[in-house]
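> build me a model:
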Amino acid sequence: MVSKLLYNFAIGINAIAQNKLRGFLTSLGIIFGVASVITMLAIGKGAKEEIMEQLKILGTHNIIIKPIDEQNEENIASEGDEKEEINRFSPGLSLKDANSILRVVPNVESVSPEIVLETNLIRSGIKRTGKLIGVNNTYFELGQFELEDGTLFTENHEENSDPVCIIGYGIKSRFFPKENPIGKQIKCGKLWLTVIGVMKDRKISGNNIKSLGLRDFNMDIYAPVKTVLLRFKDRARLTTHDIEEAAENAMFADEENPQPKQAVNYHQIDQLTVRIHESEYMIPTAEILTRMLERRHNNKVDFQIIVPEQLLKQKQETSDLFNNVLFSIAFISLLVGGIGIMNIMLASVLERIKEIGVRLAIGATKQDIILQFLSEAVAISITGGFIGVFMGILFSYLIENLTGITTIISGFSIVLSFFVAFTIGVIFGIFPARKAAKSDPVVSLRYE
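Down below sits the predicted model:
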């Protein structure tokens with residue numbers, strides 16, 4: 001039985017070899033269909049992995065609160081159509097807000113404040129700009145940061161506003177290339193900070209940095225939040241310099257041609273990350289936070305609340321829709337390829353009527369004829385599958401390098417493509433094969 005199957009398969013392959021061009025043109029639909037399936041699955045898997053990476057960075061149970069720089073509100077006067085500008089006072093996003101959220105809002109597990117200051121970093125004759133980040137230890141927990149060496153901040157560091165810091169892996173590589181930085185000092189702005197810890201290397205793709213508005217964490221220096229407020233800058237505290245600057249601006253202001261007012265960052269905190277116990281409470285808690293902060297900020301909307309999980313779910317739905325469109329295109333291409341195989345095989349049956357008659361006359365069974373033409377159809381589709389796999393891998397590589405879209409090719413997509421190609425060959429080859437097997441030997445031998 002096996003020898004008969006191989007014999008009929010060999011006859012089908014020989015028929016294809018005799019007309020290679022027709023076999024290649026017949027398989028084009030399968031080639032592009034299989035290539036589309038592999039490319040679609042590679043894009044889908046890449047998008048899923050990227051979203052999972054973003055979830056890991058932002059956290060599945062986190063709510064992010066960001067300040068909005070000075071924003072004027074307008075209100076319609078009670079009489080007439082004139083508008084009266086209302087400039088409400090708001091203390092801005094502050095540590096007091098963080099403490100109140102942790103103390104008052106239910107289902108809140110922890111709150112992580114974050115202050116970002118641009119500064120100059122200096123050590124051993126090396127100078128470059130960088131970011132000083134004021135945080136507490138909760139920040140490292142929520143962001144899933146890990147230490148390579150040293151320790152996190154202690155309670156004394158935070159309470160006493162000690163001049164200590166934890167540096168990113170990139171800072172270590174540039175400022176401490178050949179020495180252990182623990183216990184050494186690095187100058188941030190006008191203040192020297194003692195290094196007590198080094199973070200592990202954290203690689204983030206350029207797409208995530210751009211789409212999520214993130215920065216290169218490896219080039220950050222972290223200090224206790226109270227250290228940054230006391231020793232560097234506290235935007236919530238009015239200084240003599242601020243008063244003098246405001247007075248100078250008012251003195252030289254032109255009432256007839258006023259200068260456009262620039263946004264002023266009066267917020268003490270640049271970001272608050274609120275950790276929720278259960279994801280089901282994300283939306284209700286976000287609504288509670290909105291109402292709470294509105295009251296604390298004198299009904300001035302100078303903040304925005306972001307629920308990363310919801311944003312990423314929307315992105316996942318958009319990605320799934322895109323993948324479904326690609327799959328539909330791939331299915332149509334495979335369907336057209338299958339129809340092409342069936343048409344060519346029907347034409348092949350008509351061309352080889354005498355050959356069929358001879359084989360039936362010398363003892364071949366109808367099963368032998370079916371196997372011959374079916375193996376020919378399957379061979380065309382599998383050959384197209386091989387070429388399609390190669391093209392799918394090539395397309396995935398080109399898409400990632402030319403567009404920046406992440407693509408991940410899996411073994412499952414390749415196996416699936418071969419299975420689909422084989423199935424298409426069987427389904428669309430069975431009808432021509434049965435038609436050939438039903439031929440009358442006598443009529444076939446007399447066919448012109």
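> can you read off the pLDDT for the nearest residue to C165 once chain neighbours are set aside?
Nearest non-adjacent residue to C165, counting by CB to CB, 6 or more residues apart in numbering: L193, 4.0 Å away. Where C-beta positions appear, they are placed from N, C-alpha and C, glycine not excepted. The per-residue pLDDT reported for L193 equals 93.
> quick one: low-confidence parts of the stretch 151-300 of the chain?
In the predicted model, the stretch 151-300 of the chain carries pLDDT under 70 at residues 204-214, 238-263.
> need the helices for it, in chain order.
Taking DSSP state H, counting those that start in this stretch, the helices of the stretch 151-300 of the chain run over residues 155-159, 169-175, 206-211, 225-231, 240-251, 282-296.
> so which strand or helix has the residue nearest the centre of the chain?
Computing the C-alpha centroid of the chain and ranking residues by CA atoms, centre = their mean puts E50 first, at 3.1 Å. Per DSSP states H and E: E50 is located in helix 28-58.
> show the average pLDDT along that helix.
Averaging pLDDT along helix 28-58 yields 75.
> quick one: contacts of stretch 409-422?
30, 33-34, 37-38, 41-42, 45, 334, 378, 381-382, 384-385, 388-389, 392-393, 396 (CB atoms under 8 Å, 6 or more residues apart in numbering).
> max-length strand in this structure?
Across the chain, the strand with the greatest residue count (assigned by DSSP state E) is strand 108-123.
> for that strand, buried residues please.
108, 110-115, 117, 119, 121-123 (16 or more other CB atoms under 10 Å).
> and the strands in the stretch 51-200 of the chain, which stretches?
Listed in chain order, the strands of the stretch 51-200 of the chain (DSSP state E, counting those that start in this stretch) span 62-67, 73-76, 83-86, 108-123, 126-135, 147-150, 164-167, 185-188, 191-199.
> can you put the ones you listed in TSV and add distance to A223?
Below are the strands of the stretch 51-200 of the chain laid out as TSV (distance: least, CB to CB, whole Å):
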stretch	distance to A223
strand 62-67	20
strand 73-76	35
strand 83-86	38
strand 108-123	9
strand 126-135	6
strand 147-150	14
strand 164-167	5
strand 185-188	8
strand 191-199	6
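> pick the most buried one from these.
strand 164-167 (a mean of 26; mean count of other CB atoms under 10 Å).
> report all helices and strands that that one contacts.
strand 185-188, strand 191-199, strand 220-224 (3 or more CB pairs under 8 Å, 6 or more residues apart in numbering; DSSP states H and E).
> strand 220-224 and the longest one, what's the angle between them?
Compare the direction of strand 191-199 with that of strand 220-224 by axes from the mean of the first three to the mean of the last three CA atoms, to 10 degrees and you get 110 degrees.
> that older thread, kindly reformat the helices and strands packed on strand 164-167 as a markdown table containing distance to R296.
Below are the helices and strands packed on strand 164-167 laid out as a markdown table (distance: least, CB to CB, whole Å):
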| stretch | distance to R296 |
| --- | --- |
| strand 185-188 | 31 |
| strand 191-199 | 31 |
| strand 220-224 | 24 |
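> okay but the residue nearest to the centre of the chain is in contact with T407, surely?
No - using CB atoms under 8 Å, E50 is not in contact with T407; the gap is 10.3 Å.
> can you work out which residues contact both of the two?
Common neighbours of E50 and T407 (CB under 8 Å, 6+ apart) do not exist.
> residues in contact with the residue nearest to E146 when sequence neighbours are not counted?
In this structure, E146 finds its nearest non-sequential neighbour in K200, 4.6 Å apart by CB to CB, 6+ apart. By CB under 8 Å, 6+ apart, the contact set of K200 is 145-148, 169.
> how about 7 Å then?
146-148, 169 (CB atoms under 7 Å, 6 or more residues apart in numbering).
> so how far is T138 from it?
18 Å (CB to CB, to the nearest Å).
> F422 now?
For F422, the distance to T138 - CB to CB - is 55 Å.
> more neighbours: which of the two?
T138 (17 against 14; other CB atoms under 10 Å).
> how about the more buried one, nearest residue that isn't a chain neighbour?
Per CB to CB, 6+ apart, closest to T138 is S112, 4.3 Å.
> for the stretch 301-448 of the chain, which segments are assigned as helices?
According to DSSP H, counting those that start in this stretch, the helices that the stretch 301-448 of the chain contains are 308-351, 353-361, 366-403, 411-437, 441-445.
> looking at those, which one is packed in the most?
helix 366-403 (a mean of 20).
> just the angle between that helix and helix 411-437, please?
Using the same axes, to 10 degrees: helix 366-403 against helix 411-437 is 150 degrees.
> which neighbouring elements make contact with helix 366-403?
helix 2-18, helix 28-58, helix 308-351, helix 353-361, helix 411-437 (3 or more CB pairs under 7 Å, 6 or more residues apart in numbering; DSSP states H and E).
> recalculate using a threshold of 10 Å.
On a contact count with 3 or more CB pairs under 10 Å, 6 or more residues apart in numbering; DSSP states H and E, helix 366-403 meets helix 2-18, helix 20-26, helix 28-58, helix 308-351, helix 353-361, helix 411-437.
> still on that earlier bit, quick one, which of the helices and strands packed on strand 164-167 gets closest to A98.
Within these, the stretch nearest A98 is strand 220-224; the backing value is 13.9 Å (CB to CB).
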